[in-house]
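> Quick one, fold the following:
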Amino acid sequence: MVVLDTDIIIQSWKENEEAINKIDYFIENKIYLEITIINLLELYRGIYLSTQCEKNLKIIKEFLEYVDILSLTEESCKIYGKIYKDLKETGKLINDFDLIIAAIVIQNNTSLITRNIKHFENIKELKVESW
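Model prediction:
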């Protein structure tokens with residue numbers, strides 16, 4: 001299983017060939033696709049800010065039939081706290097949404113598929129794969 005970050009999802013919706021090919025690769029190889037509740041929050045935020053809200057609401061409804069949503073739990077909150085402390089001490093703090101996504105991915109012992117490698121590079125426990 002892998003967790004798709006918001007960037008690859010949005011790019012696949014915009015028909016970016018690389019994003020589509022990466023997602024197709026996972027599907028063809030029976031690699032289970034997941035997103036975090038934070039990715040879902042980011043997607044809905046973008047949808048409601050878009051000029052094509054109704055069209056994008058239909059796209060997300062269909063998309064959600066193919067992925068599992070990983071929730072924020074007490075354990076992922078604990079992981080978040082530790083990561084926050086470690087990054088703050090080294091002066092490499094990133095935004096809270098990315099920290100929460102990382103914590104959820106670490107808790108579920110999976111990999112994050114993203115092009116935003118720089119956002120996550122200082123989180124040692126996180127497995128990150130670029131698309």
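
> for this protein, what spans make up the helices?
Applying DSSP state H to the chain gives helices spanning 6-13, 17-28, 37-49, 53-63, 74-90, 96-107, 117-120.

> so how far is the third one from its chain's centroid?
Read that as helix 37-49. Going by C-alpha atoms, centre = their mean, to the nearest Å, the spacing between the C-alpha centre of helix 37-49 and its chain's C-alpha centre is 11 Å.

> the inter-axis angle of that helix versus helix 6-13?
Between helix 37-49 and helix 6-13, the angle comes out at 50 degrees (axes from the mean of the first three to the mean of the last three C-alpha atoms, to 10 degrees).

> Tell me which of the helices of the chain lies nearest to Lys127.
Nearest of these to Lys127, taken as C-beta to C-beta: helix 96-107 at 7.5 Å. All C-beta atoms are positioned from the backbone trio N, CA, C, and that covers glycine.

> Okay, buried residues for that closest one please.
For helix 96-107, a neighbour-count test (16 or more other C-beta atoms under 10 Å) marks Phe97, Asp98, Leu99, Ile100, Ile101, Ala102, Ala103, Ile104, Val105, Ile106, Gln107 as buried.

> ok, the third one to Ile10 distance?
Meaning Leu99. Per C-beta to C-beta, to the nearest Å, Leu99 is found 20 Å from Ile10.

> And for Ser130?
Going from Ser130 to Ile10 by C-beta to C-beta gives 16 Å.

> coming back round to it: list just the nearest of the buried residues of helix 96-107 to Asp68.
Ile104 (11.9 Å).
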